[in-house]
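S.K.: The following comprises the amino acid sequence and a computationally predicted model.
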Amino acid sequence: MIQSLPEALGLILTFEGMLVLTLGTMLGIILGALPGIGSTVAVAMILPFTLTMSQAPAILLLLAIYAGSVYGGSISAILINTPGTPQSATTCLDGYPMAQRGEAGKALGWSTIASVIGGLTSAVVLIFAAPQLAAFALNFGPIETFALILLGLTCIVSVSEGSLIKGLIAGFIGIFLSTVGGDPITGEARFTFGQFQLIAGFNLLAVVIGVFALSEVLTRAAARRDDDTPLVEFDGIVLPKLHEWKGRIKGLVKSVLIGNGIGVLPGTGAATAAFISYAEARRSAPTRDNFGKGEPDGLIASEAANNAVTGGALVPTMALGIPGDAITAVMLATLTLHGVTPGVRLMTENPVLMAAIFSGFFVINLMLLPLGMLVSRMAAPILRIKEAYMLVMICLLCTVGVYFVRGNPFDLLVMAIAGILGFILRRQGYPMAPLVIGMVLGPTLEISLRQGLIITDGSFSAFFVGHPIAGVLVFAAVGMLSLLLIRAIKPRRAT
C-alpha cells in the first residue's frame, strides 16, 4: 500500500479532492453540532449524493462527514448542554460547567485539541496497524464483548454525582428502557403493553435529546431567569497553552488508546469508548475530585476517546466487512454501492483506493482544528440572543432532528416524555448520564450475554473457562468497581 501512496496523493491533492475534504469536514461539524442530527443521520443524509461521484471522492466525503460530526457534537454539548451526538453526552459533564463560569472558549479549546489528537492517532493506527488490529478483533466473540460491556457499566458509579444510589437507580432505568421492544433472539415483544410503536424499542437519540436537552430547557424555564441573560459567554475557541498540558499528557494517551482499542471491536462504537474513557480518567486522574465541575481532564478523556474511535471503527469495516458501529455500517453500504467489496482482500485488490482513504482520513483530522475554530465562532452570535428565544430554538432543533431520523411522530412523543422524566429526576437529584449509559450499553450487554449462554449451553461459569480476554476484562471491571465504591464510601465515613 505504501507503493501506492504517490498515486493516492495525486487523487487527494487536487481541487476536487481538497474541496470534498474541506466541505465534507465543515458540513460534518455543523451537522454534528445540531442537536438531534448525530453522526449516523449526517452520513446517511449525504449518502445519496455520493452515488454520482467516483469511488475515492465519495468515500472521502462520507469519512469527512463522519469525523467532523463526531467532533461537532462537542460544540453544542459545551455551549448549550445538549449533546449533538450520543457520544458527546460525557462532554456535557465538564464542558458545560466550564461554559457556565465563563470558560466556554477554553472548554472548546481543550475538546478541539483532544479531538484532533485522537483523530490523528486513529488515522495513524488505521494506516499502519489495520491488518493486525483486524486479526485481534476476531478474538472478540459474544463472551468477550459481554465482559467489555460490564467494564463499561462501571462508569455508572463514577458519573453518579452526589448520590451513588440515585446514580445506580438511573442506570437501571436506562438498562430497563433498552429492553423494551422485540427480543433480540426470539423476536417476541417485551414491555410493549400492546403498543405496536414500541416493537422497535425506544429511539436512543430521542431519549438522549429528551433527558439532556428538553430537561435542560424545562429546568431553565422553571428557574425564571432574566430574559436578557445569555446562556453562556463565548467569543471563539481559546486553545490551551503548552504549560497547561503538564500532568495531562498521560490521561490523553490513555484515552486515545481506549478509543482506538474499542473502535476496533465490532458493534461497540464511540459512545461506549467515551463512557469507559471518562470512567477510567475519573478513577485515575489526579484531578478526579473536580470531575463534573468543569475539569479539562474530563473533556480530554471524552473527546480524545470518541474521536479516536473513528479510525479504529474503520478497521473491521475495511478489513473484515464487519461494521464497527452504526455509522460504519452506512460506510459499508457506500463501499458496496461503489463496487468495492470489503473484506480480507480489500487492501490487496484496491491498494490505491485504500491508500487514498487512509491518507485522506489523516488530512480530514488535520482540518478539524481550523474548521472547528471557524464553525464554532459562527455560533457566538446565536448564543447572544435572549435566553427564552434560545430555548425555543433548542426545542425546534431537537424536534426537527429527532423527527428526521425515522420520520416517526412517535419518536417526538418519546422525546417529550423523556424530557419530562429527565426534568423530574434532575429536580430530585438523579444524574442523567447513568440513564444514558444504561440505554447505550444495555442492548449489547443483553445480546452478548444471551449469545454467550447459547454457546456455553446455559452455563455462566463457562464464560471464563478458556476465555482469558473475558477473564481479564471482568477482573478489571471488579477492580475498578471496588476502587470506585471505596472512594464513594470513604467520604461518608469521614463525616
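M.R.: Received, thanks. Residues are numbered from 1 along each chain as shown.

S.K.: which helices and strands does whatever helix or strand L371 lives in pack with?
M.R.: Element membership for L371 (DSSP states H and E) is helix 351-379. Secondary-structure packing of helix 351-379 (3 or more Cβ pairs under 8 Å, 6 or more residues apart in numbering; DSSP states H and E): helix 5-12, helix 15-33, helix 55-80, helix 104-137, helix 296-320. C-beta coordinates here come from the backbone N, C-alpha and C atoms, glycine included.

S.K.: How about that helix, which residues are buried there?
M.R.: 351-365, 367-369, 371-373, 375-376, 379 (16 or more other Cβ atoms under 10 Å).

S.K.: Dump the helices and strands packed on helix 351-379 to TSV, plus mean neighbour count.
M.R.: Converted to TSV, the helices and strands packed on helix 351-379 look like this (neighbours: other Cβ atoms under 10 Å):
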stretch	mean neighbour count
helix 5-12	16
helix 15-33	21
helix 55-80	29
helix 104-137	23
helix 296-320	30
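
S.K.: Run through the residues that contact G360.
M.R.: 12, 17, 21, 56, 60, 63 (Cβ atoms under 8 Å, 6 or more residues apart in numbering).

S.K.: The second one contacts L9, correct?
M.R.: Okay, so that is G17. No. Checked against Cβ atoms under 8 Å, the pair G17 and L9 is beyond contact range at 9.1 Å.

S.K.: which neighbours do the two share?
M.R.: If you check G17 and L9 against Cβ under 8 Å, 6+ apart, no residue is contacted by both.

S.K.: Skip the chain neighbours and tell me the closest residue to the residue positioned nearest the centre of the chain.
M.R.: Note on the chain: the residue nearest the mean C-alpha position is Q87, at 2.0 Å, using Cα atoms, centre = their mean. Nearest non-adjacent residue to Q87, counting by Cβ to Cβ, 6 or more residues apart in numbering: A270, 3.7 Å away.

S.K.: The one you found: neighbour count?
M.R.: 29 (other Cβ atoms under 10 Å).

S.K.: OK, contacts around it?
M.R.: 39, 70, 85, 87, 259, 263, 305-307, 309-310, 313, 325.

S.K.: which SS state does G102 fall under?
M.R.: On the three-state scheme (DSSP: H, G, I helix; E, B strand; the rest coil), G102 is labelled coil.

S.K.: Can you pull the phi/psi pair for it?
M.R.: Here is the backbone geometry of G102 (degrees, to the nearest 10): phi 90, psi 20.

S.K.: coming back round to it: can you say which of the helices and strands packed on helix 351-379 is nearest to M415?
M.R.: Between M415 and the helices and strands packed on helix 351-379, the shortest separation by Cβ to Cβ is 15.8 Å, and it involves helix 55-80.

S.K.: Give me the helix or strand of this protein that scores worst on average pLDDT.
M.R.: helix 155-158 (a mean of 62; mean pLDDT, DSSP states H and E).

S.K.: distance of A200 from R190?
M.R.: 12 Å (Cβ to Cβ, to the nearest Å).

S.K.: so what's in contact with those two at the same time?
M.R.: Counting by Cβ under 8 Å, 6+ apart, the residues touching both A200 and R190 are 181-182.

S.K.: Can you give the distance of the helix holding L371 from its chain's centre?
M.R.: Taking Cα atoms, centre = their mean, to the nearest Å, one finds helix 351-379 lying 18 Å from the centre of the chain it belongs to.

S.K.: ok, now stretch 252-264?
M.R.: Distance, centroid of stretch 252-264 to centroid of chain: 13 Å (Cα atoms, centre = their mean).

S.K.: buried set for it?
M.R.: With burial defined by 16+ other Cβ under 10 Å, the residues of stretch 252-264 counted as buried are 252, 254-264.

S.K.: TSV for those, including distance to T154 and pLDDT?
M.R.: As requested, the buried residues of stretch 252-264 are arranged in TSV below (distance: Cβ to Cβ, whole Å; pLDDT from 0 to 100):
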residue	distance to T154	pLDDT
L252	21	87
K254	16	88
S255	16	87
V256	20	87
L257	18	87
I258	13	86
G259	17	84
N260	20	81
G261	16	81
I262	14	79
G263	20	76
V264	21	73
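
S.K.: quick one: which of the residues you listed is nearest to C92?
M.R.: S255 (16.8 Å).

S.K.: ok, that closest one touching A301?
M.R.: Yes. Using Cβ under 8 Å, S255 makes contact with A301 at a distance of 4.7 Å.

S.K.: where do the contact lists of these two overlap?
M.R.: 277, 280-281.
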